[in-house]
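>>> The sequence isn't on hand, but the structure is:
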Ligand SMILES: NC(=O)C1=CN([C@@H]2O[C@H](COP(=O)(O)OP(=O)(O)OC[C@H]3O[C@@H](n4cnc5c(N)ncnc54)[C@H](O)[C@@H]3O)[C@@H](O)[C@H]2O)C=CC1
Ligand SMILES: O=C(O)C(=O)COP(=O)(O)O
């Protein structure tokens, strides 16, 4: 459809969509003119979505025209300044609102209008924000590394995915650390300030050399190891402390990994690069400063909270610590009268570690790609609060995702009225123990919890919700032969009773087993009975004594209720012995029909009501499969 041929008034979705598409494709919605460099289109991201305008220099578009409504697609609040390369990608996919620097109250008031929010370190995404989102907020994208400004527990409880951009600002942060180290040791900032006050006092700013000095890199991750590399280039002896770092990596970089105590007691300079967590909070305190060599110098480009500010002030005042360089503060901005900002032995920068144009363009693209992928339903490898599944593993596992969820759903629907406790999941895979099961486990839990809780269950919060409900989940992988990554999978639930007695296995657990056939999740076993049915729509399970006439009689009851049978499988332990029927139905029988069933079976001399059970899956598992995954997980 061409934009030119359409009316100028807004008369419906098709029109709005066409105008938006035209505009996004660089065409004027009025004239159809292709946007060229310098054409007078306003950037979509620069105004609130409800007031979005596009103007073209053509006469037809001389008055601004609204082109989108916030309801039409994913809406993303870009809450802090984001590199233009990222914004351009975002605007191709979503309605981006670049209302920067909202106050906490303004953010709480607006957040329910957005599917995602992109932030840097200046926005606090608190529990209150998640609560105010009313379930709409699906993704928080942190354009950078540290997520200490996001309440991760609240995000997880609200089923909101948090993703970050962990790599694009690493070098910038490391370079800033080195810049501060050099500036600190040579009094660059103080000397510059004095000259700007008209002084020329060379003797006041005698520095300290760094060559041959020992630098302790505290936190030997991405930034820490880049700092180590650069410090070695400056002739420093680099040691590192990181309880979780690999010896091999340190050895490869020529860095000695040491204990916390050894680092504290032997270094001349410290460069801090650990995340702020409950265990690193105030890690540098009176005791630690007291154990440092007299005259130690500290650079902090990590997070303000890892240093106890008052303790550092005391150590600087008594001269035990010679100098500090701080890029980060416990509360930002720290305020003009902050005792460390005003301290003569301290140099400060306003959280500039990631602030190079290269890093900002990099994190913008990195985070937008992650947020767009999450909103599109793809799993994101930088997810903070969901199982991180590498893309190649994801592609392999995708066909089994609905199998896992379907088995969870089936098993829990078979539980009687005594509740669920232990859940055992068994995977048969040629990979054996190398199979990455996190995604499949989450999907089993999702399948189970969706049936028994009103909580919104998704990939992000499935484990947490299971834990909160006291479910004990155990997993086992057995090596199998086969060409697919997963040959079969089973879910067993420990419970005192089942609605369908035939669903119990020899260990008195509800047991279901399945596989994937032609991309469709398939149920192979219920209890000890072999079955053969797609996990799709409605299935009536009936237990019976193998005898003539049962199938026809059952079909008659359903036929009289106008319920079409889509398939039927029968499984028996032997001629005339225990048997089960699995009858696929196009519609769900009403409770009255179930009652009729009861009467029917009673008329046959046996009431088998307690051995009948309905299983329900999604209306079409194939549709489900064609949906991209997170969209489904995140669709409340
Ligand atoms: N000032 C700025 O603008 C920037 C600051 N950062 C901050 O720098 C820090 C490091 O970032 P990355 O290197 O990208 O993260 P990373 O996750 O790659 O490295 C952090 C390292 O700290 C280690 N660690 C955890 N607990 C520790 C402890 N108790 N003691 C010692 N080490 C511990 C971890 O094992 C990990 O190796 C983060 O706090 C991040 O927020 C990062 C980029 C820019
Ligand atoms: O990436 C990080 O952890 C940072 O501290 C960078 O923060 P910023 O994005 O510059 O506010």
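That came in fine, so what should we check first? What you see is a predicted model, and the numbers here were worked out from it, not measured in a lab. Numbers count the residues shown, from 1 in each chain. Ligands and ions are numbered 1, 2, ... in the order given.

>>> contacts and neighbour counts: CA atoms only from here.
Will do.

>>> Who are the contact partners of the residue lying closest to residue 177 once chain neighbours are set aside?
Closest residue in space to residue 177, ignoring its immediate chain neighbours: residue 301 at 6.0 Å, by CA to CA, 6 or more residues apart in numbering. By CA atoms under 8 Å, 6 or more residues apart in numbering, residue 301 lies in contact with 173, 176, 177, 271, 272, 273, 326, 327, 328, 351, 353.

>>> Can you get me the start-to-end distance on stretch 512-527?
Terminal residues of stretch 512-527 are spaced 6 Å apart (CA to CA, to the nearest Å).

>>> now swap in stretch 139-152 and tell me
Stretch 139-152 end-to-end distance (CA to CA) = 12 Å.

>>> Repeat that for stretch 193-202.
Using CA to CA, the end-to-end distance of stretch 193-202 comes to 13 Å.

>>> Stretch 192-203 too?
14 Å.

>>> What's the mean pLDDT across it?
Across stretch 192-203, the average pLDDT comes to 97.

>>> So which residues on this structure come close to ligand 1?
Within the chain, the positions near ligand 1 by CA under 6 Å from any ligand atom are 145-146, 166, 169-170, 173, 218-224, 241-245, 273-276, 280, 301-303, 327, 351-354.

>>> Would you mind listing which of the residues you listed are buried?
145-146, 166, 169-170, 173, 218-224, 241-242, 273-276, 301-303, 327, 351, 353-354 (16 or more other CA atoms under 10 Å).

>>> Among the residues of the chain next to ligand 1, which lie within helices?
Among the residues of the chain next to ligand 1, the residues falling in helices (DSSP state H) are 170, 173, 222, 223, 224.

>>> Nearest to ligand 1 among the contacts of residue 301?
Closest approach to ligand 1 among the contacts of residue 301 (CA to the nearest ligand atom): residue 353, at 3.2 Å.

>>> Could you pull up the contacting residues of that closest one?
172, 173, 174, 175, 176, 177, 301, 327.

>>> Please render those residues as JSON lines that adds distance to residue 474 and pLDDT to the earlier fields.
Converted to JSON lines, the contacts of residue 353 look like this (distance: CA to CA, whole Å; pLDDT from 0 to 100):
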{"residue": "172", "distance to residue 474": "43", "pLDDT": "98"}
{"residue": "173", "distance to residue 474": "41", "pLDDT": "98"}
{"residue": "174", "distance to residue 474": "42", "pLDDT": "98"}
{"residue": "175", "distance to residue 474": "46", "pLDDT": "98"}
{"residue": "176", "distance to residue 474": "46", "pLDDT": "98"}
{"residue": "177", "distance to residue 474": "45", "pLDDT": "98"}
{"residue": "301", "distance to residue 474": "41", "pLDDT": "98"}
{"residue": "327", "distance to residue 474": "45", "pLDDT": "98"}
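
>>> can you tell me which of those residues lies nearest to residue 161?
residue 173 (25.4 Å; CA to CA).

>>> Tell me the buried residues in stretch 186-193?
186, 187, 188, 190, 191.

>>> is it true that the second one touches residue 205?
The one in question is residue 187. Yes: contact criterion CA atoms under 8 Å: residue 187 and residue 205 qualify, at 6.0 Å.
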